[in-house]
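In: Okay, structure incoming, though there's no sequence with it:
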DNA sequence: ATCATGACCATCC
DNA sequence: AGGATGGCCATGA
């Protein structure tokens, strides 16, 4: 079973608009804590077992780097999905990260 | 309660 | 530029 923390993360991630990406740190801050960025990633690891599914591929690190792509199955799925949604990925990082970055604190 | 781990982040060298 | 270090905090044994 998932904890409340995970659920909060999942909900927020599910709110990410199509064709946009967010960062672990931004999500963590939106949850009220600044140092829980790692927990967001930890939650993402459980995201695969969560339902409804969480678009974890829309979550990257502060640099727009696809740090967790190797946790996907298969790893290529991450950039493929992003590309399919209009987000270009180059060398494991999001192109025009600044433009497609979705900050929950601002957008919400 | 303590220890070790982690899909991070910022800083320092 | 790229590697190493410390800090942040939740989870599980």
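Out: Now that the structure is in, tell me what you want to look at. Predicted model, so just to flag it, every value in this text is computed and none were measured.

In: tell me which parts of chain A are close to DNA strand C?
Out: A:3, A:5-6, A:33-39, A:42 (C-beta under 7 Å from any atom of the strand). (C-beta placed from N, C-alpha, C; glycine too.)

In: Can you select the buried ones among those for me in PyMOL?
Out: Provided next is the PyMOL selection string for whichever of the residues of chain A next to DNA strand C are buried by 16 or more other C-beta atoms under 10 Å:
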select buried, chain A and resi 6+36+37+39
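
In: Inside helices: which ones of the residues of chain A next to DNA strand C?
Out: Secondary structure defined by DSSP state H assigns A:5-6, A:37-39, A:42 of those to helices.

In: Find the pair from those residues with maximum spatial separation.
Out: Longest distance between any two of these is 14.5 Å, between A:6 and A:37; criterion C-beta to C-beta.

In: Which positions in chain A make contact with DNA strand B?
Out: Contact residues, chain A versus DNA strand B (C-beta under 7 Å from any atom of the strand): A:23-25, A:37-42, A:44-45, A:47-48, A:56-57, A:59, A:61-63, A:67-69, A:71-72, A:78.

In: Name all residues that make contact with the residue of chain A found nearest DNA strand C.
Out: For chain A and DNA strand C, the shortest gap (C-beta to the nearest atom of the strand) falls at residue A:35, measuring 2.7 Å. Going by C-beta atoms under 8 Å, 6 or more residues apart in numbering, residue A:35 touches residue A:28.

In: Which pLDDT value goes with it?
Out: What the model reports as pLDDT for residue A:35 is 83.

In: Angles on the backbone of it, please.
Out: Phi and psi for residue A:35, reported as degrees, to the nearest 10, are phi -100, psi 10.

In: show me the contacts for the closest residue to DNA strand B within chain A.
Out: Here chain A gets closest to DNA strand B at one residue, residue A:68, 1.6 Å apart by C-beta to the nearest atom of the strand. Listed by C-beta under 8 Å, 6+ apart, the contact set of residue A:68 reads A:41, A:44-45, A:56, A:59-60, A:78.

In: Could you export those residues as JSON lines, including distance to residue A:19, secondary structure and pLDDT?
Out: Shown next, in JSON lines, are the contacts of residue A:68 (distance: C-beta to C-beta, whole Å; DSSP: H, G, I helix; E, B strand; the rest coil; pLDDT from 0 to 100):
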{"residue": "A:41", "distance to residue A:19": "22", "secondary structure": "helix", "pLDDT": "93"}
{"residue": "A:44", "distance to residue A:19": "19", "secondary structure": "helix", "pLDDT": "94"}
{"residue": "A:45", "distance to residue A:19": "24", "secondary structure": "helix", "pLDDT": "92"}
{"residue": "A:56", "distance to residue A:19": "16", "secondary structure": "helix", "pLDDT": "96"}
{"residue": "A:59", "distance to residue A:19": "14", "secondary structure": "strand", "pLDDT": "96"}
{"residue": "A:60", "distance to residue A:19": "14", "secondary structure": "strand", "pLDDT": "96"}
{"residue": "A:78", "distance to residue A:19": "15", "secondary structure": "helix", "pLDDT": "95"}
